[in-house]
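Chemist: Give me a model of this one.
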Amino acid sequence: MIRQVTETEPAVVAALERLVPQLSRTAGRPNLDAVLAGGAVRLLVAEDESGEIVGMLSLVLFHTPGGVHALIEDVVVDAAARGLGLGRELTVEALRLAGDAGARHVDLTSRPSREAANALYRSLGFVERETNAYRYEL
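Modeler: All right, here's what the predicted structure looks like:
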């Protein structure tokens, strides 16, 4: 089951602390209160049959003079639950929410080494863009 998190719950905090390190070794400790308070992030979680949170996705929605922008971040499914279609379910729900919010497109990035994730995104209709991605380290 996919659901949107709207308030801080101990089970969600514990799940994020377990899932985020599987996504990035350099990520800091998740601050769910800050994520939810900001208003721009729709945090989606995937639960297994027992109700345990085994996946997550952050949909970032923001307005600029150019319109509504949508960005998918932090997609991760627990190693033990991969291959069950949960990444697809999370992404499809994020696409629905972005469309409902008025976004014309949804952007995301994925490292080339994440072959299964890249195959998933292509199968859902995402198209690789020719662009320069820049990062400034603080």
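Chemist: Contact partners for the residue nearest in space to the middle of the chain?
Modeler: What sits nearest the mean C-alpha location of the chain, by C-alpha atoms, centre = their mean, is residue 57, with 2.3 Å. By C-beta atoms under 8 Å, 6 or more residues apart in numbering, the contact set of residue 57 is 43, 44, 72, 73, 74, 75, 76, 90, 91, 93, 94. Placement of C-beta: from N, CA and C, glycine included.
Chemist: Any figure for the gap between the nearest residue to it once chain neighbours are set aside and residue 137?
Modeler: Spatial nearest neighbour of residue 57, excluding adjacent residues (C-beta to C-beta, 6 or more residues apart in numbering): residue 90 at 4.1 Å. According to C-beta to C-beta, to the nearest Å, residue 90 and residue 137 sit 29 Å apart.
Chemist: Those two: which is more packed in?
Modeler: residue 90 (24 against 3; other C-beta atoms under 10 Å).
Chemist: what does the helix or strand hosting the residue nearest to residue 57 contact?
Modeler: Residue 90 belongs to helix 86-100 when assigned by DSSP states H and E. Under the contact criterion C-beta under 8 Å, 6+ apart, helix 86-100 has outside partners 2, 4, 42, 44, 46, 54-57, 59, 61, 70, 72, 75, 77, 106, 116-117, 120-121, 123-124.
Chemist: mind listing what's buried in the helix or strand harbouring residue 76?
Modeler: Residue 76 belongs to strand 67-77 when assigned by DSSP H and E. The neighbour-count check on strand 67-77 (16 or more other C-beta atoms under 10 Å) flags 69, 70, 71, 72, 74, 75, 76, 77 as buried.
Chemist: which residue packs closest to the last one, ignoring adjacent ones?
Modeler: With sequence-adjacent residues excluded and distances taken as C-beta to C-beta, 6+ apart, residue 77 is closest to residue 55, at 3.9 Å.
Chemist: mind checking how far the helix or strand of the chain with the lowest mean pLDDT is from the chain centre?
Modeler: Across the helices and strands of the chain, the lowest-confidence element by mean pLDDT, DSSP states H and E is helix 32-38, at a mean of 91. How far helix 32-38 lies from its chain's middle: 15 Å, per C-alpha atoms, centre = their mean, to the nearest Å.
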